[in-house]
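>>> I need the structure of the sequence given here:
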Amino acid sequence: MNTGSDGRGDSENPAAETEEAPLGSRAPDFIKARRTLHLSWQVGVFIVGLAVVVAGVIMLPLPGPGWLVIFAGMAIWATEFVWAQLVLRWTKRKVTEAAQKALDPKVRRRNIILTSIGLVIILAALGIYLWRVGFAMPWNAPE
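Residues are numbered from 1 along each chain as shown. Reported below is the predicted structural model:
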């Protein structure tokens, strides 16, 4: 990252802000120096990451932050495996693109208009129901 005399990043250079860490294992050097130890380390990282991802998948239909836990498991895998690092980079890029698109004034205006139309339709349907049936619950309503 480019640093100026003040020690902060170069804000005029967008490439400096998007600099990514190199791909590969982030295991300590003494572990990477021994093949058997490194393989054991990778198996351990894979098992821990798998447990976290499975917990996230279980949380998808159940109460809990399922997607957040799945991405945490992917981040655990990304400490050791290049394929997980590439998946996380792709996901980060897509999330950033979606956030920038959502902040586009035309998209925001369209979403506000569609939400307003949906609310008007729901309120109209609720008004018609209350006018015809009253405050009775649907299972107690007269036929």
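>>> any weak-confidence spans in the chain?
Residues of the chain that meet the criterion pLDDT under 70 lie in 1-19, 138, 141-143.
>>> and the helices in it?
Defined through DSSP state H, the helices belonging to the chain, from first to last, are 14-17, 29-32, 35-59, 66-78, 82-102, 105-133.
>>> out of those, indicate the one that is most buried.
Between those, helix 66-78 has the highest mean count of neighbours, a mean of 18, where neighbours are mean count of other C-beta atoms under 10 Å. Using the backbone N, CA and C atoms, a C-beta is placed for each residue, glycine as well.
>>> how far does it sit from the chain's center?
Taking C-alpha atoms, centre = their mean, to the nearest Å, the mean C-alpha location of helix 66-78 is offset from the chain mean by 9 Å.
>>> same thing with stretch 52-63?
Its chain's average C-alpha position is 14 Å from that of stretch 52-63, according to C-alpha atoms, centre = their mean.
>>> and for stretch 41-57?
The offset between the C-alpha centroid of stretch 41-57 and the centroid of the whole chain comes to 18 Å, using C-alpha atoms, centre = their mean.
>>> same thing with stretch 30-45?
29 Å.
>>> surely residue 60 meets residue 67?
Yes. Using C-beta atoms under 8 Å, residue 60 makes contact with residue 67 at a distance of 7.5 Å.
>>> export the helices of the chain to CSV and append columns for distance to residue 139.
Formatted as CSV, the entries for those read as follows, by distance: least, C-beta to C-beta, whole Å:
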stretch, distance to residue 139
helix 14-17, 58
helix 29-32, 63
helix 35-59, 32
helix 66-78, 32
helix 82-102, 40
helix 105-133, 11
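>>> residue 73 and residue 46 touch, don't they?
No. Taking C-beta under 8 Å as the contact criterion, residue 73 and residue 46 are not neighbours in contact, 10.3 Å apart.
>>> show me what contacts residue 49?
73, 74, 76, 77, 84 (C-beta atoms under 8 Å, 6 or more residues apart in numbering).
>>> sorry, that was for residue 120
Contact partners of residue 120, counting by C-beta under 8 Å, 6+ apart, are absent.
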